[in-house]
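Q: got a predicted structure here, sequence first:
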Amino acid sequence: MANILVLYYSRGGHTAHISRAIAEQIQSKGDHCDVVNLQDKAPIEWSKYQAVALGACVLYGSYHKSVFEFVRENQQYLSQLPNSFFCVNVVARNPEKRIPENNKYLQKFLTLSEWQPQDVKIIAGKVDYPSWPWYDSLMIRLIMKMTDGPTDPTAIIDYTDWNDVKVYADHIAKLATVVPA
């Protein structure tokens, strides 16, 4: 039985939901999975894990600074384990933007991050205008208008392919069987 760590940064809760779904799928196959919110700043006992996945959402074209701070402080540990990074963004509602080379937000992470993950995944996020602060809702609606996305202020649209999230979770579990070089 593998012990896997899923770390995440979530602003509105959707990346947290995806992270829990990943853990549930991993556990349904008999492995153990801990899910840790980066904002909790909980100490991590890295030696007990056989693989790690780090997920972060994109807002206004970037990641929260705490994601890069965590990576900078823990890149040695992240790199010592089989690892993956998953990026959650609404632009991935378009299938071509789920390809790593075509997703500027994933490419931005890889350029700015001191840690270079062995594996990457792009997961389409969720539009939830009613739950967002008015300024986020307004700004994102303007961005969506420019990118032919939904602009109805009452829209709640989950673009996440939950079956693909399960496939990704199975992939992370397989990473735990890989012996690091």
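A: Noted; the coordinates are in hand.

Q: any idea how far the most centrally placed residue in the chain lies from Tyr135?
A: In the chain, the centroid-proximal residue (C-alpha atoms, centre = their mean) is Gly55; its distance is 2.6 Å. Distance of Gly55 to Tyr135, computed by C-beta to C-beta, to the nearest Å: 25 Å. Bear in mind the C-beta positions are built from the backbone N, C-alpha and C, glycine included.

Q: right, and the helix or strand after the lowest-mean-pLDDT helix or strand in the chain?
A: Between all helices and strands in the chain, the lowest mean by mean pLDDT, DSSP states H and E belongs to helix 134-146, at a mean of 90. Downstream of helix 134-146, the next assigned helix or strand under DSSP states H and E is strand 156-158.

Q: tell me what that next one is packed against?
A: Counting contacts by 3 or more C-beta pairs under 8 Å, 6 or more residues apart in numbering; DSSP states H and E, strand 156-158 is packed against strand 126-128.

Q: who does the strand it packs on pair up with?
A: Paired strands of strand 126-128, with direction, are strand 156-158 (antiparallel) (DSSP bridges).

Q: which is the next helix or strand following the strand it pairs with?
A: That would be, after strand 156-158 and using DSSP H and E, helix 162-175.

Q: give me the mean pLDDT for that following helix.
A: Helix 162-175 carries an average pLDDT of 97.

Q: low-confidence stretches in the protein?
A: Across the chain, residues meeting the criterion (pLDDT under 70) sit at 179-181.

Q: quick one on the thing from earlier: next SSE after the strand or helix carrying the residue nearest to the centre of the chain?
A: Here Gly55, judged by DSSP H and E, is contained in strand 51-57. Sequence order places helix 65-80 as the next helix or strand after strand 51-57, per DSSP H and E.
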